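Undergrad: Quick one, what's the 3D model for this:
(one chain, ligands or ions: 1)
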Amino acid sequence: MEQFVIEGGKPLYGTVRIHGAKNAALPILAATLLTGGIHEIHDVPRLKDIEVMGRILGALGARFSRAGTRIQVDASTLRTCHIPDVLMRQMRSSIFLMGPLLSRLGEVSVTRPGGCAIGSRPIDLHLYGLQSLGAHIEEKDGLIRCSASKLTGATIHFKTPSVGATENVMLAAVKAEGTTVIRNAAREPEIVDLQSFLNRMGADVQGAGTDTIIIHGVRELHPASHEIIPDRIVAGTLAVAAAAAGGEVTLTNTIPDHLRYTLHLLNKAGVSVSPDGDAIRIRSDGRHRAVGRIETQPYPGFPTDMQPQMMAFLCLADGTSVICERIFDARLKHVSELARMGADLTVEGNTVWIHGVPHLTGADVEATDLRAGAALVVAGLSARGVTRVGGVQHIDRGYEGLEEMLSSLGGRIYRNSRSDSD
Ligand code: UD1
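TA: This next block holds a predicted model:
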């Protein structure tokens, strides 16, 4: 097993380019199944989840190939509608392959994705959305079979905005007969990127980025070429790392508006944040103040995917901040690990009081999930002494070469197999 070894206390200086967004690339890759022909997707990060998606597309009969950050998919040879359980278990996001498979083949069968490290993660909204379009759903022995001789447009009102369910319905509805209206849709930028790709394929989708998405079904789609938007969570993580460790860092290939809430909080904490076109410059002397109470919310609110990293940063603020996690029910596993590094945190339910301390101290800690791992790296960079972060495989799911990006900024971080240090 690998770990990151971090010698903390070194400020970060320099420029780093942000790679394409995993959470935009995954549904767009799912969309390539909607029609045969060669799709070309650019700036797709080299990450485990994308690799798993490639294997799933391959198992379904599509041709998937990568050259650098460009991926080509040709689903002309799609031959099965069953997603193998072994692959389904590796990536919960495979659930939104249901929409395109149902649309293209009229049926799909998947195993129910279980809970995951950050909470229970139900799929009722996905199933409700597909059922509303006319799909018949049967569940037996953990296998969900979904079939529809024809999909018909409908009005779908989500009780809570779900990114994945919104995407699943968009994917199922683009070729449905008639008009589909999604109300209380999630508004994340990745959904806007999916809309752009679908429209390049000849679909008629409007409203992504607002809470109402309107999809007029079309008969035919064609392959398309598309460049994935930059990853706002990777950019946010590096911004927070620079703010916590101190220094001056410029992030390029960003869309600053997508990071509005995160940048607002850094500003409020006293960090200098200067967006300039597609770049963001972060300047910090490593000292900052508490930000009051924040709650994770669907976009454009404070993203749950930035919650752990922001908490790591606030551990060193002057004063007390409060973070309430409102999206996932078990997304506070980093709290005990940060406490091992000297953070002063009080937890009650899903709320954490973060009493700032003057410094953190390096320790051996374990990443339990992707963003918790990123938070421990942020903490390690700003701590005194050496931090060893285990569970790097979780971090690799969402950051392409995180240690290389940070090393290029002067951070002392390297990857090690755990037995080397035992
Ligand atoms: C996506 C992101 C993930 C991010 C999350 C919230 C991808 C691949 N992943 O996950 O990184 O943390 O959005 O921003 O894009 N819910 C239900 N029933 C459902 C579906 C969801 O109750 O059928 C609830 C969830 O439990 C959660 C909330 O809706 O409380 C939002 O989850 P959702 O937006 O669906 O997250 P994902 O799409 O899984």
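
Undergrad: For the residue of the chain found nearest the ligand, give me phi and psi.
TA: Going by CB to the nearest ligand atom, the ligand is nearest to Gly164 of the chain, at 2.9 Å. Bear in mind the C-beta positions are built from the backbone N, C-alpha and C, glycine included. Taking degrees, to the nearest 10, you get phi -60, psi -40 for the backbone angles of Gly164.

Undergrad: swap in Ala186?
TA: Phi and psi for Ala186, reported as degrees, to the nearest 10, are phi -70, psi 150.

Undergrad: if I read this right, it contacts Val163, doesn't it?
TA: Yes - with contact defined as CB atoms under 8 Å, Ala186 counts as touching Val163 (4.4 Å).

Undergrad: shared neighbours of those two, which are they?
TA: Jointly contacting Ala186 and Val163 under the rule CB atoms under 8 Å, 6 or more residues apart in numbering are Pro298.

Undergrad: Before we move on, what's the pLDDT of Ser94?
TA: Looking at Ser94, its pLDDT stands at 83.

Undergrad: for Arg397, helix, strand, or coil?
TA: Assigned with DSSP: H, G, I helix; E, B strand; the rest coil, Arg397 falls in the coil class.

Undergrad: which ones are touching it?
TA: Applying CB under 8 Å, 6+ apart, we find Arg397 in contact with Lys22, Leu47, Lys48, Asp49, Leu370.

Undergrad: Could I get these in TSV, plus columns for distance to Gly391, secondary structure and pLDDT?
TA: Output for the contacts of Arg397, formatted as TSV (distance: CB to CB, whole Å; DSSP: H, G, I helix; E, B strand; the rest coil; pLDDT from 0 to 100):
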residue	distance to Gly391	secondary structure	pLDDT
Lys22	18	helix	96
Leu47	16	coil	94
Lys48	13	helix	89
Asp49	16	helix	90
Leu370	10	helix	93
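
Undergrad: Redo those residues as CSV? Include distance to Tyr414.
TA: Shown next, in CSV, are these (distance: CB to CB, whole Å):
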residue, distance to Tyr414
Lys22, 23
Leu47, 20
Lys48, 20
Asp49, 24
Leu370, 20
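
Undergrad: Turn these into a markdown table, columns for neighbour count.
TA: Listed next are the contacts of Arg397 as a markdown table, based on neighbours: other CB atoms under 10 Å:
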| residue | neighbour count |
| --- | --- |
| Lys22 | 25 |
| Leu47 | 21 |
| Lys48 | 17 |
| Asp49 | 21 |
| Leu370 | 24 |
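
Undergrad: of all the residues in the stretch 201-350 of the chain, which ones are close to the ligand?
TA: Residues of the stretch 201-350 of the chain found near the ligand (CB under 6 Å from any ligand atom) are Pro303, Thr304, Asp305, Ile327, Phe328.

Undergrad: my read is the fourth one is in a helix, agree?
TA: Think Ile327. No - going by three-state DSSP, the assignment for Ile327 is coil, not a helix.

Undergrad: residues touching the nearest residue in space to it that is not next to it in sequence, list them.
TA: Spatial nearest neighbour of Ile327, excluding adjacent residues (CB to CB, 6 or more residues apart in numbering): Thr304 at 4.0 Å. Neighbouring residues of Thr304 by CB under 8 Å, 6+ apart: Thr296, Glu325, Arg326, Ile327, Phe328, Arg331.

Undergrad: Contacts only, for the spatially closest residue to the second one that is not a sequence neighbour.
TA: Same thing as Glu325. Excluding the flanking residues, the one nearest Glu325 by CB to CB, 6+ apart is Asn350, at 4.6 Å. Applying CB under 8 Å, 6+ apart to Asn350 gives the contacts Cys324, Glu325, Arg326, Asp329, Leu332.

Undergrad: number of nearby residues for the second one?
TA: The reference is to Glu325. By other CB atoms under 10 Å, the residues close to Glu325 number 21.

Undergrad: So it sits against Val335, correct?
TA: No - using CB under 8 Å, Glu325 makes no contact with Val335, being 10.2 Å away.

Undergrad: what touches both of those two?
TA: With CB under 8 Å, 6+ apart as the test, Glu325 and Val335 both reach Val352.

Undergrad: Residue ranges in this protein under the pLDDT threshold?
TA: 114-116, 118-120, 418-422 (pLDDT under 70).

Undergrad: Mind doing that once more with 50?
TA: For the chain, the stretches flagged by pLDDT under 50 are 420-422.

Undergrad: Nothing else from me, thank you.
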